[in-house]
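Colleague: return a 3D structure for these sequence lines:
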Amino acid sequence: MINYRLRNSGVTLIELLVVLSIIMIMVTMVGGNTLDSVRKARAQTEIVSIYSLVRKASTHAFASGKDVTLEFSNQNLTLSIGNEVIKRENLIFLQFPTQTIGFDRNGMPDTLSVEAETRGQDKILDFGSIFTSRIKHAE
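Modeller: You can find the predicted model right below:
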């Protein structure tokens, strides 16, 4: 006599849906944190770029012997020597109230910090570390 057994191999549709639901929940949890980390990294890159632009403005002022201004307005930065605009930069993640840093002929700024906002949080960018090391070396 032939014994016919039906084998239950494979997965049911319900099991497959449960596994897919668990995977989607995990991806959602990890994906949100990953996107937030990418935004933070890009905002940090913009901050580093601003510090570099402040150094550049100071160097231009010292090298040219002219007054240099760095203007912050909304998401725009403008570097000018006299009336000539040298560089404009548009930011994505940082916003600024309208404020200006002026650099004298020695490359020293008239203020060492600016206010900024990123992702709804107020920040103060302090440029003192750039210039205090120059003062210590000069003494």
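Colleague: any chance you could list what contacts the top strand by length along the chain?
Modeller: What stands out as the longest strand in the chain, according to DSSP state E, is strand 94-103. Outside strand 94-103, the residues that touch it by Cβ atoms under 8 Å, 6 or more residues apart in numbering are 43, 46-47, 50, 54, 57-58, 60-61, 67-75, 109-111, 114-118, 127. In short, each C-beta sits where N, CA and C put it, glycine included.
Colleague: so of the residues you listed, which ones are in strands?
Modeller: Reading strands off those with DSSP E, I get 68, 69, 70, 71, 72, 73, 74, 114, 115, 116, 117, 118.
Colleague: mark which of the contacts of strand 94-103 are buried, thanks.
Modeller: Listed as buried from the contacts of strand 94-103 are 43, 46-47, 50, 54, 57-58, 60-61, 68-72, 109, 114, 116, 118, 127; burial here means 16 or more other Cβ atoms under 10 Å.
Colleague: one step back: got the buried residues for the longest strand of the chain?
Modeller: For strand 94-103, using 16+ other Cβ under 10 Å, the buried residues are 94, 95, 96, 101, 103.
Colleague: for stretch 73-85, same thing?
Modeller: In stretch 73-85, counting by 16+ other Cβ under 10 Å, buried: 77, 79, 80, 81.
Colleague: I am finished for the moment; much appreciated.
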